[in-house]
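# below is the sequence, then the predicted model.
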Amino acid sequence: MKYIRLIGINLLVLSGLLLILAIVMYYMEVHRIQTFFSFTDEKQSEYFIPDSTAMFLHKPNIHLYDNWGTPQQKMSTERRTNNLGFRDDEDVLTKLPNEFRVLVTGDSHTDGVLRYNTQSFVNIWEKNLNAKDSTTFYNCLNGGVGYYTFRNYHGFLQKFKYLKPDVFLINVFTGNDFREAAKFEDNRTNISNIYKSWRMRFRRKFQSAAEQEFPYIQGIEQQLYYESFPDEKERTMQLAKNYLLQIKEICKQEKIRLIVTLLPSKIEVKPEFKTEIQTLFDLDDKTMQTNREMTELLMAFLHEQQVEHYDLLPVLQNTPEKLYWDADLHINPKAHELIAAFLNDTIMLKE
């Protein structure tokens, strides 16, 4: 009896300690998430500001310089925003009588990891449009913002529909927009989401040095997330669909033409790279197809909803030049040029 009581006491103490540890871990993760969304971190606060509609935006009228990259690919970036926080050198003014306005949004790939704003596909497309039509002033506004996903795209349109765009183009990055859809919901600090966040961070801790050096967020993290939580595919896809339906309705009300482009990660574009990281992370073929699987599901939905959309995978495939930076796997200037040329050749803005 004495030993049974002792074991019972020890189990009770252990259970209490585990409960305390779980509570501490929960609130640590809640604090980490809430800190991110407050945008008070030094690196965030120099570039982002919170916004009640879009969640966050770029600070307007900034001019920052970053030096980064690898020894083989050194890079200097000039981050410059205009009066509305867009990645354009020119301010947005009252719409001109002959102006055709294209409002573009997307995540950091659209925002542009580039030396100059003029190198983005948005600005190149604008230049090409104006070069072939002297009767219309085409104004393509780059509203891409790092971290953006479907909720932000909806909020961004809500905030800036007053600019009276003729076209609203969303450049969806299929390498992480689906997974991040769950991160940006109001329930992000519930127990289920905190558990998933901790589990992914715990998994990351036990990766090899080579795996940890890999640019994690630009494609592979989404695949690993869905490998760990396959049921999340349906939930996050539904979130994406719900926001796109709301965007479609706003565009209908405001008489805005809605266009969606789907930008793949390097995993989908370069087969040899896909094989390299499949070996590195020891993943099966099904997991490696996750990003493409989600892309095709979204395209089927867009087709069903009669939303104009374009898959950018064929545009970037079979190109000998590098299209993604080695350091962080964002698309580079060559990829922006190819996308701009595709948009220019494919999309007829004026009937």
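Arrived safely.

# pull the contacting residues for Phe121.
Phe121 makes contacts with 110, 335-337, 339-340, 343, as judged by Cβ atoms under 8 Å, 6 or more residues apart in numbering. Glycine gets a C-beta too; all of them are placed from N, C-alpha and C.

# tell me the two of the residues you listed that are most distant?
Farthest apart among the contacts of Phe121 by Cβ to Cβ are Thr110 and Glu337. That separation is 14.5 Å.

# the two: who's more crowded?
Thr110 (28 against 15; other Cβ atoms under 10 Å).

# identify the residue nearest the more buried one in space, chain neighbours excluded?
Gly144 (2.8 Å; Cβ to Cβ, 6 or more residues apart in numbering).

# could you count how many residues lie near the closest residue to Gly155 other than its chain neighbours?
In space, and not counting its chain neighbours, Gly155 is closest to Ala54: 3.7 Å by Cβ to Cβ, 6+ apart. Neighbour count for Ala54, taken as other Cβ under 10 Å: 22.

# I figured Ala54 hits Phe150, correct?
No. With contact taken as Cβ atoms under 8 Å, Ala54 and Phe150 are classed as non-touching, separated by 12.0 Å.

# any stretches of the protein with poor pLDDT?
Screening the chain residue by residue with the criterion pLDDT under 70, one finds the ranges 1-3, 6, 8, 10-11, 14, 21-22, 25, 68-76, 351.

# most centrally placed residue in it?
For the chain, the residue nearest the mean C-alpha position is Asp107 (3.9 Å; Cα atoms, centre = their mean).

# which residues are in contact with that residue?
144-149, 171, 173, 176-177.

# so it versus Ile62, what's the distance?
19 Å (Cβ to Cβ, to the nearest Å).

# and for Lys43?
When Cβ to Cβ is the yardstick, Lys43 and Ile62 sit 13 Å from each other.

# more neighbours: which of these two?
Counted by other Cβ under 10 Å, Lys43 and Ile62 do not tie: Ile62 has more neighbours, with 13 against 9.

# mind listing what the more buried one touches?
For Ile62, the contacting residues are 46-47, 79-81, taking Cβ under 8 Å, 6+ apart as the criterion.

# between the contacts of Phe121, which has the most around it?
Of all those, the highest neighbour tally under other Cβ under 10 Å goes to Thr110, namely 28 neighbours.
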